[in-house]
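Colleague: Predicted model follows, preceded by the sequence.
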Amino acid sequence: MNQDQMKKAAAEAAIAYVEPGMIVGVGTGSTANHFIDLLADLKDRIDGTVASSEASAQRLRGHGIQVMDLNTAGQLPLYVDGADESNHQLHLIKGGGGALTREKIVAAASDRFVCIADESKLVDMLGAFPLPVEVIPMARALVARELIRLGGQPVLRDGFTTDNGNVILDVDNLQISDPVAMEDHINGIPGVVTVGIFARRPADVLILGGPGGVKTLP
């Protein structure tokens, strides 16, 4: 079973959390795309979706699935999305696809956050994956200096603009032993829109696809 098949297996397991009449929050990225494709079979049984990115909204509409504005949809019963890393407490690093701010908003508006990934994403300590930070463009240099003071090495994601019109700094060399504290600290830097640490609002369920099948945490 290759990595893509592991992602699809995790997405298949997440479909079991979708109930009739739900408005489902949907994430962004390769694993979330598998979930979107599988959700197409249930489109007549759900009331709609809320997408965390323009790319996911486009993919959902391509399947004939209704995409709603979060302000109209209100509190969501379920959000399904991937992750770039997860520790055993289900704190996550997200934002490899650049949608971290909208992903964090939809996660915060959801009763249950089901994270789907291949088993390589489970780590003992977050930080091997470069940490994405969405930044207002005029604050890029200021934020970069602050991130260097934290021990990180920020690199501007070249040629990339978020759906919100901002830039992303990807930060290497951070060992994130206290994800909640690090999330709060970076979010407090002026000009930061949000950091890709999901610890204040971690996943409720982590579904990992692996060569031996699917396992669920906790």
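Modeller: Arrived safely. Numbers count the residues shown, from 1 in each chain.

Colleague: Quick check: which element contains T31?
Modeller: Assigned by DSSP states H and E, T31 falls within helix 30-39.

Colleague: Show me how the protein divides into domains.
Modeller: What automatic domain parsing lists as the domains of the chain is 3-123+200-217, 131-195.

Colleague: who's in contact with the helix holding T31?
Modeller: 4, 7-8, 10-12, 14-15, 18, 24, 26-27, 46, 49, 56, 59-60, 63, 65, 80-82, 116-118 (Cβ atoms under 8 Å, 6 or more residues apart in numbering). For every residue, glycine as well, the C-beta is placed using N, CA and C.

Colleague: Among these, which lie within helices?
Modeller: Residues of the contacts of helix 30-39 located in helices (DSSP state H): D4, K7, K8, A10, A11, E12, A14, S56, R59, L60.

Colleague: Can you show me the helices along this structure?
Modeller: For the chain, the helices defined by DSSP H occupy 3-14, 30-39, 54-62, 70-73, 100-108, 140-149, 179-187.

Colleague: Tell me the buried residues in stretch 89-99?
Modeller: Buried residues in stretch 89-99, counting neighbours by 16 or more other Cβ atoms under 10 Å, are found at L90, H91, L92, I93, K94, G95, G96, G97, G98, A99.

Colleague: Distance-wise, check the last one relative to I168.
Modeller: Applying Cβ to Cβ, to the nearest Å, the value for A99 to I168 is 10 Å.

Colleague: The closest residue to R140 other than its chain neighbours: neighbour count?
Modeller: The spatial neighbour of R140 that comes closest, neighbours along the chain excluded (Cβ to Cβ, 6 or more residues apart in numbering), is V167 at 5.9 Å. Using other Cβ atoms under 10 Å, V167 is surrounded by 21 other residues.

Colleague: Test my guess that V167 contacts T161.
Modeller: Yes - here V167 lies in contact with T161, judged by Cβ atoms under 8 Å, at a distance of 6.7 Å.

Colleague: Find residues that contact each of these two.
Modeller: Joint contacts of V167 and T161 (Cβ under 8 Å, 6+ apart) do not exist.

Colleague: Tell me, what's the model's pLDDT at M1?
Modeller: Predicted confidence (pLDDT) for M1: 82.
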